[in-house]
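Student: pasting the sequence and the predicted model now:
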There are 2 protein chains.
Amino acid sequence: MTPGTPEATDTRAAHETRETPEATDVRATREGTEAPEARETPRTPSRATRRRGRALVDAIHDAVLRETTENGVARLTMEGVARRAGTAKTSLYRRWSTPEDILMEALHGAYPQEEPSPGADDLRGDLVAALMLFHGLMEQEPLGPVMLSCVAEASYRPEFNERLWREVYEPRGGRFTATVLRYYADRGGVDPARVTPVTIDVGEAMMVKYTLDRLEPPSPAYVERIVDEVLLPALGRDPR
Amino acid sequence: MTPGTPEATDTRAAHETRETPEATDVRATREGTEAPEARETPRTPSRATRRRGRALVDAIHDAVLRETTENGVARLTMEGVARRAGTAKTSLYRRWSTPEDILMEALHGAYPQEEPSPGADDLRGDLVAALMLFHGLMEQEPLGPVMLSCVAEASYRPEFNERLWREVYEPRGGRFTATVLRYYADRGGVDPARVTPVTIDVGEAMMVKYTLDRLEPPSPAYVERIVDEVLLPALGRDPR
DNA sequence: ACTTTAAGATACGGCACCGTTGCTTAGAAA
DNA sequence: TTTCTAAGCAACGGTGCCGTATCTTAAAGT
């Protein structure tokens, strides 16, 4: 207990007074250092309680997602995530070795696993519902922006793209209009020959393009227009 | 053959021996420094000739585009561009203040300004031609990958997105199927009521989605399928 | 109550990039 | 040729992140 230490902040004082073998000279260095002060990322203050296990991991997942929406995948750093989560870098490195590992895990957990459940005999209604499911995904904070950023990153990093498919998309289903199209094709509501890679993709393609251009998902009315003006005609069921 | 190898130091030697007012001590420091050795970015060797004006700017434009294809917009740095262009940071700061400024200028210059020129009376052929124009854009190195990376960056940076539209897309035309659709709508080949934001966008949307998913543009055959299976039906001209 | 485990705080050397400065020198203009 | 302009080189102090190490301490397990 070296006496005479400035009382500083309570928590810090505890560390300042720790005794090391070569206490004297080392402490001299330490007293010279100033408080680091304001950084870029919001610093979550050290809390009274200390989180462990799931609670901590959840907080970190949340932090990595928010970091990504604000800075993008490419600018993710361990320090940033730690700062945002209000934890120590050490706790991150204990479980993961890169920020992207954390992101993948967070995405896997946050990605919704609902599938569209076509029913009745309402092709149009089921298509709209399927696209609205996709819509909900892109609209929901922070998942929507994060997914956009991931798509962006994936566009010039094949390994990242692969990982995204393997660790997020595929394990989580994520077939939207495809489910509906196959359902009706099997039951004669749609000509199976019309269910092609092109027609399967066109609904989501329109949603993605719209969102990339305007930086926000289309309105529900626009989603219906996609179905009426493109999807149904492509299925040979032009409403006009 | 690798640039930056020790014996390439001839040019540097000239600077080592330069005489400064306080020559002695300053040079002492310098002699202590080692050659920087291999960096991340390919270092273009200092050439015999010294480029100026357009030639230099062109080289820098080229460098920024290649940097972007490899690292993405988010990881652009002045040092990286300078290294790649084989020039000095000083020369960059003389003209631009951020790597993105350079990128915008390079894109503006590199973006093709052709417009589809619909002719004859061949709606299908003109649509395919228009999409193939777009296809050529995405396929051509380094423009395609760069545009993808820009789309990615734009997805979480509204100012960047705005700038892209203002400084690249809009001044360079870049209407593809839209031009064709309006042409035929004016001449009765297509019902004007069918030319909507949705139908105008769907061709490009499919191209973009395909490229984002697979990291390469679709084949010409696939482009034709887009026209046959989606675009024409949406225009009320289902080939079946 | 005591022990074990995991979270947290702090520091460290290293590195890449920042934006700037002082200077040399090649190329173009006079 | 000489003069002027712009390109190039090297260095600087500063910052942010890297990955690791050391030590303290709260929380969970016994």
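Tutor: On my side now, so go ahead.
Student: for chain A, which spans come out with low pLDDT?
Tutor: A:1-48 (pLDDT under 70).
Student: the host helix or strand of A:R94: which residues count as buried?
Tutor: With secondary structure defined by DSSP states H and E, A:R94 is part of helix A:89-95. Buried residues in helix A:89-95, counted by 16 or more other Cβ atoms under 10 Å in any protein chain shown: A:91-92. All C-beta spots, glycine's among them, are computed from the backbone N, C-alpha and C.
Student: who are the packing partners of it?
Tutor: Helices and strands touching helix A:89-95, by 3 or more Cβ pairs under 8 Å, 6 or more residues apart in numbering or on different chains; DSSP states H and E, are helix A:53-71, helix A:78-85.
Student: show me where chain A has helices.
Tutor: A:10-16, A:23-32, A:53-71, A:78-85, A:89-95, A:99-110, A:123-139, A:143-154, A:158-164, A:177-186, A:197-214, A:220-226, A:232-234 (DSSP state H).
Student: with distance to DNA strand C added, can I get those helices in a markdown table?
Tutor: Below are the helices of chain A laid out as a markdown table (distance: least, Cβ to the nearest atom of the strand, whole Å):
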| stretch | distance to DNA strand C |
| --- | --- |
| helix A:10-16 | 3 |
| helix A:23-32 | 4 |
| helix A:53-71 | 5 |
| helix A:78-85 | 8 |
| helix A:89-95 | 4 |
| helix A:99-110 | 13 |
| helix A:123-139 | 30 |
| helix A:143-154 | 18 |
| helix A:158-164 | 19 |
| helix A:177-186 | 39 |
| helix A:197-214 | 26 |
| helix A:220-226 | 39 |
| helix A:232-234 | 47 |
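Student: CSV for the ones you listed, including distance to B:R66?
Tutor: Formatted as CSV, the helices of chain A follow (distance: least, Cβ to Cβ, whole Å):
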stretch, distance to B:R66
helix A:10-16, 48
helix A:23-32, 45
helix A:53-71, 24
helix A:78-85, 28
helix A:89-95, 33
helix A:99-110, 24
helix A:123-139, 32
helix A:143-154, 19
helix A:158-164, 17
helix A:177-186, 38
helix A:197-214, 24
helix A:220-226, 37
helix A:232-234, 39
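Student: who wins for proximity to B:E79 among those helices?
Tutor: When the helices of chain A are compared by Cβ to Cβ, helix A:53-71 sits nearest B:E79, at 20.3 Å.
Student: list the helices and strands the closest one packs on?
Tutor: helix A:78-85, helix A:89-95, helix A:99-110, helix A:143-154.
Student: in chain A, which residue sits closest to chain B?
Tutor: For chain A and chain B, the shortest gap (Cβ to the nearest Cβ) falls at A:A152, measuring 1.9 Å.
Student: next up, the contacts around that residue.
Tutor: Applying Cβ atoms under 8 Å, 6 or more residues apart in numbering or on different chains to A:A152 gives the contacts A:72-73, B:148-149, B:151-156.
Student: next one: stretch A:204-212 to chain centre, how far?
Tutor: 18 Å (Cα atoms, centre = their mean, to the nearest Å).
Student: which residues sit against it?
Tutor: A:131, A:134-135, A:138, A:144, A:148, A:151, A:176-177, A:217-218, A:222-223, A:226, A:230, B:151, B:154-155, B:198, B:201-202, B:204-206, B:208-210, B:212.
Student: can you redo the helices and strands packed on helix A:89-95 as TSV with mean neighbour count and distance to B:R52?
Tutor: Converted to TSV, the helices and strands packed on helix A:89-95 look like this (neighbours: other Cβ atoms under 10 Å in any protein chain shown; distance: least, Cβ to Cβ, whole Å):
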stretch	mean neighbour count	distance to B:R52
helix A:53-71	19	38
helix A:78-85	20	41
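Student: can you tell me how far A:A205 sits from A:M78?
Tutor: Distance, A:A205 to A:M78, using Cβ to Cβ, to the nearest Å: 35 Å.
Student: revised request: answer the last question for A:D201.
Tutor: Distance from A:D201 to A:M78, by Cβ to Cβ: 37 Å.
Student: A:A63 against A:E79, yeah?
Tutor: No - applying Cβ atoms under 8 Å as the test, A:A63 and A:E79 come out as separate, 11.6 Å apart.
Student: from the contacts of A:A152, which is closest to A:A59?
Tutor: Using Cβ to Cβ, A:V73 comes nearest to A:A59 of the contacts of A:A152, at 19.8 Å.
Student: count the neighbours of the nearest residue to that closest one once chain neighbours are set aside for me.
Tutor: Leaving aside its sequence neighbours, A:V73 sits nearest to A:E153 (Cβ to Cβ, 6 or more residues apart in numbering or on different chains; 4.0 Å). Neighbouring residues of A:E153 were enumerated by other Cβ atoms under 10 Å in any protein chain shown; the total is 25.
Student: ok, A:E153 to A:R172 distance?
Tutor: Counting by Cβ to Cβ - A:E153 and A:R172 are separated by 18 Å.
Student: A:A221 too?
Tutor: 28 Å.
Student: of these two, which one has the most company?
Tutor: When neighbours are counted by other Cβ under 10 Å, A:R172 comes out ahead of the other of A:A221 and A:R172, with 16 against 7.
Student: the more buried one contacts A:Y111, correct?
Tutor: Yes - the pair A:R172 and A:Y111 passes the contact test of Cβ under 8 Å, sitting 4.5 Å apart.
Student: please identify the buried residues of stretch A:168-183?
Tutor: Applying 16+ other Cβ under 10 Å to stretch A:168-183 flags A:168-169, A:172, A:174, A:176-183 as buried.
Student: off-centre distance for it?
Tutor: 19 Å.
Student: again with stretch A:79-88
Tutor: 17 Å.
Student: repeat that for stretch A:180-198.
Tutor: On Cα atoms, centre = their mean, the centre of stretch A:180-198 falls 32 Å from the chain's centre.
Student: ok, now stretch A:220-234?
Tutor: Using Cα atoms, centre = their mean, the offset of stretch A:220-234 from its chain centre is 28 Å.
Student: related to what we said a few turns ago, how about the helix holding A:R94, does it reach DNA strand D?
Tutor: Yes - interface with DNA strand D: helix A:89-95 contributes A:89-90, A:93 (Cβ under 7 Å from any atom of the strand).
Student: likewise stretch A:62-75?
Tutor: No - shown here: stretch A:62-75 not in contact with DNA strand D (Cβ under 7 Å from any atom of the strand), separated by at least 7.6 Å.
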